[in-house]
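S.K.: I would like the atomic coordinates for the input below:
(one chain, ligands or ions: 1)
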Amino acid sequence: MVRSGLPAGPVGFLTGVGSLYIHIPFCRARCRYCSFSSFAGLESLHQRYIGAVCREIARHAGGNRIDTLFLGGGTPTVLDREHLAAIMRRCRDAFEFDQAAEISLEANPDTVRADDLNVLRKQGFNRISLGIQSFSDDELKTLGRIHDSRRARQAVADARAAGFDNLSIDLMYGLPGQTAASWRATLERALSSEPEHLSAYQLSIEEGTEFAERAGRGELLLPDEEVIAEMDEITSSLTRGAGLRHYEISNYARPGRACRHNLVYWNNEPYLGFGAGAVSYQEGVRRSRIKDPQIYCYTVEQGREPVAASERLEPIDSFKETVIMGLRLVDGVSEQRLRQRYGLGLAEVYGKTLDSLRDKGLLLFDDGHLKLSGRGRSLANLVMAELV
Ligand code: SF4
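M.R.: Here you go, the predicted structure:
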């Protein structure tokens, strides 16, 4: 349960406002690079799944004030809009929403038409995150996406026409066969629609995906480090020119339009997740729900908590997670907030490791905040590994 004004327990929380995540683990088809918890070809399960999710939400009802709600996946918009409306109604019945709550929906451009978007906006979704990835049809085909660039452009126009004034576009770079010029063209196209928010993720090859198999056979021609560095520069310069502020390793936003829901994760604050594979983090305990949607439905229908794993974080582990997640933010981690939350400072926990990372120019202190330097950002995984 997400609670307002949580008491400062051994882990201690900084926020009194609730965040809710609902996972929709369905997609029309699997993209070749994807390692997310999502399944294609389970349309016959949709109705039952919505019933289970709504039952879970009702069970956790409690008049808590919700500041952010995020429907993610998978592809939430593969569901009928009536299904999405049912989830929204159940959330509003179960929880009190802040008047200015951020209510986000992830959508694939091929699964939303103009009238769907009109209805979804009226249902109360006020932020839409379109998974476009690229405006090059060749790249979209390589990725195994179900949409083409024409559909992507149409979805952006339809979302605007429906009244979504908080629009995020997800893009990917470092794709097989991608050049700096084609990345620039994709980015320019995305920025021409003046999104309030942009995510630019570098492709990473994840185990168990089709891309990993092809990479293993030496069949995936990825851009080399120099080209990636050039792409990073293009991203930095074009987003800045478009008035977007770089606020997280992969995220850019207009002032006041950073994703409030994702900031909860990056600040390691509590949230509640429903649905197959969703994770909750409350009162220092992280709980992961059963990933298989059929077993998840069965468990909920039996009146049991669909929890697959539960882990209580020791305060020191929570401290380190807060640092690692917070370093993803361009503003870094506030030493003062760490002290308030944990009664510990950075030097006490990391000692010489911290000095060494600072001496190497990977971390810096600025205005009471620990941050990744520019070089540290490009070696972020190495830095984080030192701080675990
Ligand atoms: S649409 Fe998203 S979640 Fe679904 S397979 Fe593609 S990348 Fe994965």
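S.K.: strand partners of the helix or strand hosting residue 23, parallel vs antiparallel please.
M.R.: For residue 23, the enclosing helix or strand under DSSP states H and E is strand 18-24. Applying DSSP bridges, strand 18-24 is found paired with strand 65-73 (parallel), strand 272-274 (parallel).
S.K.: TSV for these, including mean pLDDT and mean neighbour count?
M.R.: No exception for glycine: its C-beta is placed from N, CA and C like everyone else's. Formatted as TSV, those follow (pLDDT from 0 to 100; neighbours: other C-beta atoms under 10 Å):
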stretch	mean pLDDT	mean neighbour count
strand 65-73	95	23
strand 272-274	95	24
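S.K.: ok, which of these comes nearest the ligand?
M.R.: strand 65-73 (5.6 Å; C-beta to the nearest ligand atom).
S.K.: pull the distance from the closest one to the chain's centre.
M.R.: How far strand 65-73 lies from its chain's middle: 11 Å, per C-alpha atoms, centre = their mean, to the nearest Å.
S.K.: one step back: format the strands paired with strand 18-24 as a markdown table; extra columns: distance to residue 28.
M.R.: Listed next are those as a markdown table, based on distance: least, C-beta to C-beta, whole Å:
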| stretch | distance to residue 28 |
| --- | --- |
| strand 65-73 | 11 |
| strand 272-274 | 22 |
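S.K.: distance to the ligand for those - can I get that in TSV?
M.R.: Shown next, in TSV, are these (distance: least, C-beta to the nearest ligand atom, whole Å):
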stretch	distance to the ligand
strand 65-73	6
strand 272-274	16
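S.K.: what about stretch 77-88, average pLDDT?
M.R.: What stretch 77-88 shows for mean pLDDT is 94.
S.K.: and the strand holding residue 23, what's buried?
M.R.: If you call a residue buried by 16 or more other C-beta atoms under 10 Å, then strand 18-24 has these buried ones: 18-24.
S.K.: stretch 32-40 now?
M.R.: 32-34, 36-39.
S.K.: skip ahead from the strand holding residue 23 and say which helix or strand is next.
M.R.: By DSSP H and E, the next helix or strand past strand 18-24 is strand 26-27.
S.K.: and that following strand, is it in reach of the ligand?
M.R.: Yes. Interface with the ligand: strand 26-27 contributes residue 27 (C-beta under 6 Å from any ligand atom).
S.K.: counting neighbours, what do you get for residue 319?
M.R.: Neighbour count for residue 319, taken as other C-beta atoms under 10 Å: 23.
S.K.: actually residue 140, sorry about that
M.R.: That count, for residue 140 with other C-beta under 10 Å as the rule, works out to 22.
S.K.: what comes up buried for the helix or strand that it is a member of?
M.R.: If you go by DSSP H and E, residue 140 is part of helix 137-143. Buried residues in helix 137-143, defined by neighbour count with 16+ other C-beta under 10 Å: 139-140, 142-143.
S.K.: need the residues of the stretch 51-200 of the chain near the ligand, please.
M.R.: Checking the stretch 51-200 of the chain against the ligand by C-beta under 6 Å from any ligand atom, the hits are 73-75, 108, 131.
S.K.: quick one: residue 237 from residue 149, how far?
M.R.: Taking C-beta to C-beta, to the nearest Å as the measure, residue 237 falls 23 Å from residue 149.
S.K.: then residue 70?
M.R.: 26 Å.
S.K.: now swap in residue 202 and tell me
M.R.: 20 Å.
S.K.: identify, from the buried residues of strand 18-24, the entry nearest to residue 365.
M.R.: residue 19 (29.2 Å; C-beta to C-beta).
S.K.: list the contacts for that closest one?
M.R.: Neighbour list for residue 19: 2, 66-70, 261, 264, 269-272 [criterion: C-beta atoms under 8 Å, 6 or more residues apart in numbering].
S.K.: let's see it at 10 Å
M.R.: Contacts for residue 19 (C-beta atoms under 10 Å, 6 or more residues apart in numbering) come out as 2, 66-70, 101-102, 260-265, 269-273, 281.
S.K.: who's it bridged to?
M.R.: residue 68.
S.K.: now stretch 379-386: buried residues?
M.R.: Buried, per 16+ other C-beta under 10 Å, within stretch 379-386: 383-384.
S.K.: CA-only coordinates of it in CSV, if you can.
M.R.: What follows is stretch 379-386, C-alpha atoms only, in CSV (Å, rounded to 0.1, in the frame of the first residue of the first chain):
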residue,chain,number,x,y,z
LEU,A,379,31.8,5.0,-18.3
ALA,A,380,28.7,5.0,-16.0
ASN,A,381,28.5,1.2,-15.8
LEU,A,382,32.1,0.9,-14.5
VAL,A,383,31.5,3.7,-12.0
MET,A,384,28.3,2.1,-10.7
ALA,A,385,30.0,-1.2,-10.4
GLU,A,386,32.5,0.4,-8.0
